[in-house]
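Undergrad: can't give you the sequence, but here's the structure:
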């Protein structure tokens, strides 16, 4: 089985379903997919909708409610990320013992490639594989290591447990959350300190990729072809940032593709209603960005399977 982990609360359940369903539509073996969803709690109706949506593709889903009462989060300041954002650090406690390897996925992703390809990658004895977090050249210089983005992770759960990555990350986070910009991601990068297996940029295609390619960010000079290919044919699109594709004023070039996939879930998004909710000022601002959006949109060659 291909084990896939998501973490979500009620607010993100609908978007988690898009992650799962888009991965099932874009694989040749949906029956091999076994999803695990860690949650601080979901409504019964929401659970039933998720089960039904996944089972339609002959895949499996197990929803695991996490009891956090025995853990201290008194010092943690998680901001907009919320409690569900750190549940991945507890995966080794809550996943069944039979799970030795897992793909972790954030809930603001769109899967366009076959996750079986990611699943088969050799981690070369690293605890996890991840994609470089793309940033401005100025931010890159300030970083002391090859900082990765934690939205997509391929994890050797045996080594994760042996190295106590979850416990160490939680301890660091509990002491330093007030100074961390990206709580769990910063914690994982601090604990691992560049000790991870690098995965191709296409498996975590980030919005900064457009600027990185157009402005030729110097730290990616040796990876320019890889960067271009990730834009042209992304395996996983990561909608990083406060504005998500379900927000009316989102200007991500692949927003409409995300909304298209939502129609295969119990929570379809109506783009006309979304756009109608914009204020006059927002509509003007959105209109002025259309040329850039269209220019970047046509760079992607993705064709949805028939």
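TA: Looks like it arrived, so ask away. All of these numbers come straight from a predicted model, not from anything done at the bench.
Undergrad: list the contacts for the residue lying closest to residue 1 once chain neighbours are set aside?
TA: Spatial nearest neighbour of residue 1, chain neighbours left out: residue 34 (4.3 Å); criterion: Cβ to Cβ, 6 or more residues apart in numbering. The way it works is simple: take the backbone N, C-alpha and C, and place the C-beta from them, glycine included. Residue 34 is in contact with 1-4, 59-62, counting by Cβ atoms under 8 Å, 6 or more residues apart in numbering.
Undergrad: same thing with residue 42?
TA: Per Cβ under 8 Å, 6+ apart, neighbours of residue 42: 8-10, 13, 50, 63, 65.
Undergrad: related to what we said a few turns ago, of the contacts of residue 34, closest to residue 165?
TA: For these, the residue nearest residue 165 by Cβ to Cβ is residue 3; the value is 17.1 Å.
Undergrad: quick one on the thing from earlier: quick one: which of the contacts of residue 42 is nearest residue 189?
TA: Of the contacts of residue 42, the one sitting nearest to residue 189 (Cβ to Cβ) turns out to be residue 8, at 22.7 Å.
Undergrad: Look up how far residue 94 lies from that closest one.
TA: 14 Å (Cβ to Cβ, to the nearest Å).
Undergrad: which residues in the stretch 151-300 of the chain form strands?
TA: 197-198, 236-238 (DSSP state E, counting those that start in this stretch).
Undergrad: Point out the most buried one among these.
TA: Of all those, strand 236-238 carries the top mean neighbour count, a mean of 27, counting by mean count of other Cβ atoms under 10 Å.
Undergrad: for stretch 261-280, which positions count as buried?
TA: The neighbour-count check on stretch 261-280 (16 or more other Cβ atoms under 10 Å) flags 261-262, 264-267, 269, 271, 274 as buried.
Undergrad: wait, I meant stretch 19-38
TA: For stretch 19-38, by 16+ other Cβ under 10 Å, it's 19-24, 26-27, 30, 32-38.
Undergrad: Take the residues you listed and keep only those in helices.
TA: Assigned to helices by DSSP state H, the following of those qualify: 19-24.
Undergrad: which sections of the stretch 1-150 of the chain are below the confidence cut-off?
TA: Applying pLDDT under 70 to the stretch 1-150 of the chain flags residues 68-85.
Undergrad: Please enumerate the helices of it.
TA: Secondary structure of the stretch 1-150 of the chain (DSSP state H, counting those that start in this stretch): helices at 13-25, 44-55, 91-94, 115-119, 137-142.
Undergrad: possible to save the buried residues of stretch 261-280 as JSON lines with pLDDT and distance to residue 299?
TA: Output for those, formatted as JSON lines (pLDDT from 0 to 100; distance: Cβ to Cβ, whole Å):
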{"residue": "261", "pLDDT": "98", "distance to residue 299": "19"}
{"residue": "262", "pLDDT": "98", "distance to residue 299": "22"}
{"residue": "264", "pLDDT": "97", "distance to residue 299": "24"}
{"residue": "265", "pLDDT": "98", "distance to residue 299": "26"}
{"residue": "266", "pLDDT": "98", "distance to residue 299": "32"}
{"residue": "267", "pLDDT": "98", "distance to residue 299": "28"}
{"residue": "269", "pLDDT": "97", "distance to residue 299": "23"}
{"residue": "271", "pLDDT": "94", "distance to residue 299": "21"}
{"residue": "274", "pLDDT": "94", "distance to residue 299": "23"}
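Undergrad: List the ones among the residues you listed that fall in helices.
TA: Short answer: those in helices (DSSP H) are 261-262, 271, 274.
Undergrad: Quick check: nearest residue in space to the residue nearest the centre of the chain, chain neighbours excluded?
TA: In the chain, the residue lying closest to the centroid (Cα atoms, centre = their mean) is residue 106, at 3.0 Å. Counting by Cβ to Cβ, 6+ apart, residue 106 lies nearest to residue 151, which is 3.9 Å off, once chain neighbours are set aside.
Undergrad: And for residue 131?
TA: Distances taken as Cβ to Cβ, 6+ apart put residue 204 closest to residue 131, at 3.6 Å, once the chain neighbours are dropped.
Undergrad: ok, that neighbour - contacts?
TA: 130-131, 149, 151-152, 236, 238.
Undergrad: tell me the contacts of residue 134?
TA: 149, 201, 206, 208-209, 212, 217, 220.
Undergrad: out of these, what pair is the most spread apart?
TA: Maximum distance among the contacts of residue 134 (Cβ to Cβ): 15.3 Å, for 149 and 217.
Undergrad: could you pull out the helices for the stretch 201-306 of the chain?
TA: 208-214, 224-232, 255-262, 271-276, 280-288, 290-297.
Undergrad: Would you mark the buried spots in the third one?
TA: Within helix 255-262, the residues that qualify as buried by neighbour count (16+ other Cβ under 10 Å) are 255, 257-262.
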